[in-house]
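**Student:** need a structure here:
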Amino acid sequence: MEKVYNQPQGGNEMPRFAGRGTMLRLPFCDSPAGLDVAFVGIPLDVGTSQRAGTRYGPRNIRNESVMIRPYNMATGAAPFDSLQVGDIGDVPINTYSLLKSVDIIEDFYTRLNDWPLIPLTLGGDHTLTLPILRALAKKHGPVGLIHVDAHTDTNDDMFGEKIAHGTTFRRAVEEGLLDCQRVVQIGQRAQGYASGDFQWGVDQGFRLIPVEQCWHKSLSPLMAEVRQMMGAGPVYLSYDIDSIDPAWAPGTGTPEVGGLSAIQALEIVRGCRGLNLTGCDLVEVSPPYDISGMTAQLGANLLYEMLCVLPGVRYQGETRL
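**Tutor:** Predicted coordinates:
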C-alpha cells in the first residue's frame with residue numbers, strides 16, 4: 001500500500017485565517033509515532049537579558065505560517081511528498097524557573113530520541129538550544145554546529161548565572177556536546193564588553209564569520225565551504241532571528257544594526273542541503289516588538305526552508321539555486 005503523508009491544510013479547502021492553528025496548518029499529533037519530522041514549540045523567555053516576549057514566539061510563528069504552500073518553487077523541494085511531518089505542540093516549560101525549564105526541555109527531547117525523527121524547534125529564547133544539544137548528544141554524540149546569530153552566545157556568565165541565552169554555546173563546549181572543529185558561527189556583529197569577546201570560540205576551533213564578511217555578497221559560496229567543513233557527520237542548525245537586520249526582523253529581544261538580509265538568510269538555510277542534519281531551531285522571535293508580524297513570518301519561512309533541506313526530502317524537476 002502506498003504511504004500517505006500528512007499534508008498542510010490548503011487555502012482553497014479552508015480560508016487561511018481559519019482552520020488549523022498548527023505549524024504550516026499540518027495535523028496536530030499527540031504522539032511522535034510515525035513521524036519523520038516533528039515541529040516543537042518552546043515558549044521560553046526566562047533566559048532573555050533585554051526585551052522579553054519570546055514566550056509568544058511559537059504561537060505567532062505558527063500563525064504566520066498559514067501562507068506557506070507545500071512545494072518550494074525555488075529549489076524543487078517537495079517535503080510533504082517524502083516525509084511524514086506533524087506538529088506535536090509545545091514543551092510545558094516552567095514559567096518561573098529557567099533551570100527547571102532547561103531540565104524539562106532536555107527530558108522532552110531525550111524522549112524524542114526513542115523515535116527516528118528530526119525535531120524542528122520554534123523558539124523561545126536561545127537558552128533552549130543547550131538542553132536540546134544535551135538530548136541529541138545522547139543519541140548522536142558531539143555534533144557539528146551551524147550557528148547564525150548577531151552574538152556568539154559564548155559568555156561565561158550573565159549576572160553571575162551560568163545558564164542564560166548568552167551562555168549557551170560555552171556550556172555546550174564545556175559539556176562536550178559539540179565537535180569544535182565542525183562549528184561555524186555566521187553574522188556576529190556590534191559591540192563587546194572586551195576586545196576579545198568573539199575570540200573564545202575561535203580558540204576552541206570555531207570558524208567565525210562576522211557580518212562584515214557577509215555584506216554586499218551572496219552567501220552561497222560560503223555555504224559550499226561550510227558543507228565541506230561539516231562533512232558527513234551529524235550537524236545541528238541553530239538560527240537566531242536577530243542575525244537578520246532589524247529592517248527585516250524587528251521583533252526580537254536584542255536587535256543589532258547591520259545584519260544579514262532576508263535573502264542571505266534563505267541562502268544560508270538552502271546551503272545546508274546535503275548535510276546530515278539532526279535538528280534545527282529558529283529562536284528569539286519576540287512578537288510584542290513587531291505588531292506587523294513580519295518577524296514571525298520570516299521565522300516561519302526559514303523553518304519551512306529547514307524542512308526542505310532535511311535528509312530524505314524529495315526534489316521535483318531541476319533545482320534552481
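**Student:** drop to CA atoms for contacts and neighbour counts, all remaining ones
**Tutor:** Will do.
**Student:** residue boundaries of the strands in the stretch 1-150 of the chain?
**Tutor:** Counting by DSSP state E, counting those that start in this stretch, the stretch 1-150 of the chain has strands at residues 37-42, 77-78, 85-90, 118-123, 143-148.
**Student:** and those: which comes nearest residue 177?
**Tutor:** Residue 177 lies closest to strand 143-148 among the strands of the stretch 1-150 of the chain, at 6.6 Å (Cα to Cα).
**Student:** now the closest one, how far from the centre of its chain.
**Tutor:** With Cα atoms, centre = their mean, to the nearest Å as the basis, strand 143-148 stands 10 Å off its chain's centre.
**Student:** pairing partners for that strand, with directions?
**Tutor:** In the sheet, strand 143-148 lines up against strand 178-186 (parallel), strand 234-240 (parallel) (DSSP bridges).
**Student:** could you dump those to JSON lines with mean neighbour count?
**Tutor:** As requested, the strands paired with strand 143-148 are exported to JSON lines (neighbours: other Cα atoms under 10 Å):
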{"stretch": "strand 178-186", "mean neighbour count": "22"}
{"stretch": "strand 234-240", "mean neighbour count": "23"}
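**Student:** what about the helices in the stretch 51-200 of the chain?
**Tutor:** 57-64, 98-112, 129-140, 168-174, 199-204 (DSSP state H, counting those that start in this stretch).
**Student:** go ahead and confirm residue 165 touches residue 48.
**Tutor:** Yes: if you go by Cα atoms under 8 Å, residue 165 and residue 48 touch, sitting 5.9 Å apart.
**Student:** turn the strands paired with strand 143-148 into a markdown table, including mean pLDDT.
**Tutor:** Formatted as a markdown table, the strands paired with strand 143-148 follow (pLDDT from 0 to 100):
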| stretch | mean pLDDT |
| --- | --- |
| strand 178-186 | 98 |
| strand 234-240 | 98 |
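**Student:** return the most buried member of the helices of the stretch 51-200 of the chain.
**Tutor:** Burial of the helices of the stretch 51-200 of the chain is given as mean neighbour count (mean count of other Cα atoms under 10 Å); helix 57-64 ranks first at a mean of 26.
**Student:** who are the packing partners of it?
**Tutor:** Where contact means 3 or more Cα pairs under 8 Å, 6 or more residues apart in numbering; DSSP states H and E, helix 57-64 is packed against strand 37-42, strand 118-123, helix 294-308.
**Student:** contact partners for the closest residue to residue 204 other than its chain neighbours?
**Tutor:** Distances taken as Cα to Cα, 6 or more residues apart in numbering place residue 180 nearest to residue 204, at 6.3 Å, with adjacent residues excluded. Residues in contact with residue 180, defined by Cα atoms under 8 Å, 6 or more residues apart in numbering, are 144, 173, 204-206.
**Student:** which one among the residues you listed gets closest to residue 281?
**Tutor:** Distances from residue 281 to these, taken by Cα to Cα, are shortest for residue 144, at 14.2 Å.
**Student:** from memory residue 229 sits against residue 182, does it?
**Tutor:** Yes: with contact defined as Cα under 8 Å, residue 229 counts as touching residue 182 (6.3 Å).
**Student:** residue 15 and residue 44: what is the separation?
**Tutor:** Separation of residue 15 from residue 44 (Cα to Cα, to the nearest Å) stands at 30 Å.
**Student:** neighbours around the closest residue to residue 122 other than its chain neighbours, how many?
**Tutor:** The shortest distance from residue 122 to any non-neighbouring residue, by Cα to Cα, 6+ apart, is to residue 41 (4.6 Å). The number of residues packed near residue 41 is 27, by other Cα atoms under 10 Å.
**Student:** and residue 41, bridged to which residues?
**Tutor:** Going by DSSP bridges, residue 41 is paired in beta bridges with residue 90, residue 122.
**Student:** beta partners for the residue positioned nearest the centre of the chain?
**Tutor:** Centroid-nearest residue in the chain, with Cα atoms, centre = their mean: residue 281, separated by 2.0 Å. Per DSSP bridges, the residues bridged to residue 281 are residue 121, residue 238.
**Student:** and it, how far from residue 3?
**Tutor:** Distance of residue 281 to residue 3, given as Cα to Cα: 28 Å.
**Student:** try residue 288
**Tutor:** Between residue 288 and residue 3 the computed distance is 41 Å (Cα to Cα).
**Student:** who's more crowded, those two?
**Tutor:** The neighbour comparison of residue 288 against residue 3 (other Cα under 10 Å) goes to residue 288, with 18 against 8.
**Student:** much appreciated, bye for now.
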